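Asker: Structure for the following, please:
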Amino acid sequence: LTVLTLDDIEKRDEEYLKSLQDELVSFGDIDTMNRGHSRAERETFYKVDRLRREITNFTEQMQSLSEERKQAIEDLKDAIEDGTVKTLRAAMRTAKLARLS
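Answerer: Sure thing, here's the model as predicted:
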């Protein structure tokens with residue numbers, strides 16, 4: 001069992017976002033590339049497009065996760081105080097959805 005602080009989790013998310021951005025930069029200036037002339041160019045364009053969408057989605061998700069994470073932490077604290085498996089499982093599901101795991 002590894003216990004992470006909220007700061008550790010946020011740092012992990014920032015590192016993941018940075019890795020996506022670095023991967024996107026590694027493709028160079030894709031906008032000047034001629035699209036569709038060769039299979040390799042098309043595959044590169046699709047990879048870049050997928051990366052851009054993933055970065056956008058992840059960034060949007062990170063903005064909404066802050067409140068969800070706070071609620072999930074409160075749910076976990078309440079479940080621990082309650083001490084029943086049922087409430088703990090529900091709180092764990094909430095934490096997983098808030099990407100606390």
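Asker: any idea which helix is longest in the protein?
Answerer: The helix spanning the most residues in the chain, taking DSSP state H as the definition, is helix 39-82.
Asker: Tell me the helices and strands packed up against that one.
Answerer: Applying 3 or more C-beta pairs under 8 Å, 6 or more residues apart in numbering; DSSP states H and E, one finds that helix 39-82 contacts helix 6-26, helix 85-97. For every residue, glycine as well, the C-beta is placed using N, CA and C.
Asker: Any regions of the protein where pLDDT drops low?
Answerer: 1, 3, 29-37 (pLDDT under 70).
Asker: Quick test: name the residue nearest the centre of it.
Answerer: Residue closest to the average C-alpha location in the chain (C-alpha atoms, centre = their mean): F58, at 5.1 Å.
Asker: residues in contact with it?
Answerer: Listed by C-beta atoms under 8 Å, 6 or more residues apart in numbering, the contact set of F58 reads D13, Y16, L17, L20.
Asker: ok, these vs E54, which is closest?
Answerer: Taking C-beta to C-beta as the measure, E54 sits nearest to L20 out of the contacts of F58, at 6.0 Å.
Asker: Can you give me the distance of that closest one to A91?
Answerer: Separation of L20 from A91 (C-beta to C-beta, to the nearest Å): 30 Å.
Asker: same question, L4
Answerer: L4 sits 16 Å away from A91, taking C-beta to C-beta as the criterion.
Asker: ok now the longest helix of the chain, how far from the chain's centre?
Answerer: Relative to its parent chain, helix 39-82 has a centroid offset of 3 Å by C-alpha atoms, centre = their mean, to the nearest Å.
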